[in-house]
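Visitor: build me a model from this:
(one chain, ligands or ions: 1)
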Amino acid sequence: MKLVIAANWKMHKTGREAKEFCLELLQKEDDYKGVEVLICPPFTALSAAAAELKDSSVKLGAQNLYPGAQGAFTGEISAAMLKEAGVKYVIIGHSERRHLMGEDDSLVARKIEAAYENGLNPILCIGEKEEEREKGITEKVLKKQLAAALEKLEPGQVKSLVIAYEPVWAIGTGKAASADDAASAADFIYSYLDKHFGKDAAAGVRIQYGGSVKAENIGSFVTLEHVHGALVGGASLEAGSFSELVRAARKAVEG
Ligand code: PGA
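Guide: Residues are numbered from 1 along each chain as shown. From the prediction side, this is the model:
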């Protein structure tokens, strides 16, 4: 299964900076063969990135969408707008949106549906907070997030999902989860999908690990049985280090 490695820039980079990044990243494009590489810039840098990535194998992702077709939703961006901007993937339910912007499970579910209705591939983010981990309820939290987000989906849709397991305590802290923790969360997600949507759907889903991923540790995640990629924040901001991270992932799986 092809690895999917996504750069989540969060609120970083102007259009000019996005263009410079893409130009540098594409210099080593041959090194990314066999890996699906995605860049998820802020909305205002999407068109600049799209122009640079147009004839390349690197794909464009967005960080969010609003689940309405159009209308009085000041400040929001629809799935159709993203699609026209050249976006293929969209991050949904990132922990910063859930916990800083107050997004709940039902909004996340509506966003996933809107993505599918418009031909975008969702990257559904789930993960437990530190206090939930300490209480030993990680699986309960993951199950609740999965159940709400996937409730209305058919197995055929689930099959093309990317699910990012991102423990909240590992995001931007430099304290990545251990490979054992990531493996048990990914195994749990896989069994949940298998139980509710069947083997075929579960086997199609690519599960990413996210949270303080860098070139030095990515190999320990992408070699796990049910992990097929990473969602990368801080280490995706410089083309050189992101490119190195993709190469390290490829080397770890291909040997
Ligand atoms: P990080 O962010 O790599 O900076 O921890 C990951 C994410 O939030 O997707």
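
Visitor: quick one, helices of the chain?
Guide: 15-26, 46-53, 79-84, 95-99, 105-117, 130-134, 138-150, 155-158, 179-197, 199-204, 218-222, 239-254 (DSSP state H).

Visitor: of those, flag the one that's most buried.
Guide: Among the helices of the chain, helix 218-222 has the highest mean neighbour count (mean count of other C-beta atoms under 10 Å), at a mean of 23. All C-beta atoms are positioned from the backbone trio N, CA, C, and that covers glycine.

Visitor: average model confidence for it?
Guide: Helix 218-222 carries an average pLDDT of 98.

Visitor: what's next to it, contact-wise?
Guide: 3, 179, 182, 209, 213, 227-230, 245, 248-249, 251-253 (C-beta atoms under 8 Å, 6 or more residues apart in numbering).

Visitor: state the pair within those that is farthest apart.
Guide: Greatest spatial distance among the contacts of helix 218-222 (C-beta to C-beta): Ala182 and Lys251, at 18.7 Å.

Visitor: how about the nearest residue to the residue of the chain found nearest the ligand, chain neighbours excluded?
Guide: Closest to the ligand within the chain is Gly233: 2.3 Å, counting by C-beta to the nearest ligand atom. Among residues not flanking Gly233 along the chain, Asn8 sits closest, at 5.1 Å (C-beta to C-beta, 6 or more residues apart in numbering).

Visitor: which residues sit in contact with that neighbour?
Guide: Taking C-beta under 8 Å, 6+ apart as the test, what Asn8 contacts is 40, 63, 91, 94, 210, 231-233, 236.

Visitor: at 6 Å what do you get?
Guide: Going by C-beta atoms under 6 Å, 6 or more residues apart in numbering, Asn8 touches 40, 231, 233.

Visitor: how far away is it from Val90?
Guide: Per C-beta to C-beta, to the nearest Å, Asn8 is found 11 Å from Val90.

Visitor: swap in Leu120?
Guide: The separation that Leu120 has from Val90, given C-beta to C-beta, amounts to 5 Å.

Visitor: comparing those two, which residue is more hemmed in?
Guide: Val90 (26 against 22; other C-beta atoms under 10 Å).

Visitor: quick check: bridge partners of the more buried one?
Guide: Ala62, Pro122 (DSSP bridges).

Visitor: mind listing what Ala45 touches?
Guide: Going by C-beta under 6 Å, 6+ apart, the list of residues near Ala45 reads 13, 15, 18.

Visitor: show me which residues of the stretch 51-200 of the chain sit near the ligand.
Guide: 166, 171-172 (C-beta under 6 Å from any ligand atom).

Visitor: repeat the analysis, applying 5 Å as the threshold.
Guide: 171-172 (C-beta under 5 Å from any ligand atom).

Visitor: residues near Met101, how many?
Guide: 10.

Visitor: now it. Its backbone dihedrals?
Guide: phi -110, psi 0 (degrees, to the nearest 10).

Visitor: so for it, what's the pLDDT?
Guide: 96.

Visitor: just Gly255 next, same as before
Guide: pLDDT, Gly255: 80.

Visitor: run a quick neighbour tally on it.
Guide: With other C-beta under 10 Å as criterion, Gly255 counts 6.

Visitor: out of the contacts of Ala45, which is nearest to Ala148?
Guide: For the contacts of Ala45, the nearest to Ala148 is Lys13 (31.6 Å; C-beta to C-beta).

Visitor: wait, doesn't Ser56 sit right on Leu26?
Guide: Yes. The criterion here is C-beta atoms under 6 Å, and Ser56 meets it with Leu26 at 5.4 Å.

Visitor: against Glu113, how distant is Ser106?
Guide: From Ser106 to Glu113 the distance is 11 Å (C-beta to C-beta).

Visitor: could you do Ala186 as well?
Guide: For Ala186, the distance to Glu113 - C-beta to C-beta - is 24 Å.

Visitor: dump the helices of the chain into TSV; add distance to Pro67 as well.
Guide: Supplementary listing: the helices of the chain in TSV, determined by distance: least, C-beta to C-beta, whole Å:
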stretch	distance to Pro67
helix 15-26	25
helix 46-53	18
helix 79-84	8
helix 95-99	13
helix 105-117	4
helix 130-134	26
helix 138-150	12
helix 155-158	15
helix 179-197	22
helix 199-204	22
helix 218-222	30
helix 239-254	30
